[in-house]
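Colleague: take this sequence and fold it.
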Amino acid sequence: MIGCKDSQTTFFDSEIFSRMIPEDHPLVQIAKYVDFSFVTEEVKKHYHPDIGRP
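Modeller: Just a heads-up that it's a prediction; the model follows:
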């Protein structure tokens, strides 16, 4: 399942990730400036619409 509006990321997930991945990590910096939302549409055909995590 992909593109579901109900995100499974919780506050605790965000807190854990923020403690594990430093704010100055290059990928964190890239994610601030690059919109990767196009990826969902590009890979949509590879995922089952009803089975699995969004």
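
Colleague: can you give me the mean pLDDT across the longest helix along the chain?
Modeller: In the chain, assigned by DSSP state H, the helix with the most residues is helix 11-20. For helix 11-20, mean pLDDT rounds to 84.

Colleague: cool, and stretch 40-54?
Modeller: Rounded to a whole number, the mean pLDDT of stretch 40-54 is 84.

Colleague: how far away from the center of its chain is that stretch?
Modeller: On the basis of CA atoms, centre = their mean, to the nearest Å, stretch 40-54 is displaced by 13 Å from the centre of the chain it belongs to.

Colleague: could I get the full set of helices for this structure?
Modeller: Using DSSP H, helices in the chain cover 11-20, 26-33, 38-43.

Colleague: need those helices in CSV (columns: distance to P49 and mean neighbour count).
Modeller: (Glycine included, C-beta is placed from N, CA and C.) As requested, the helices of the chain are exported to CSV (distance: least, CB to CB, whole Å; neighbours: other CB atoms under 10 Å):
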stretch, distance to P49, mean neighbour count
helix 11-20, 24, 10
helix 26-33, 27, 9
helix 38-43, 13, 10
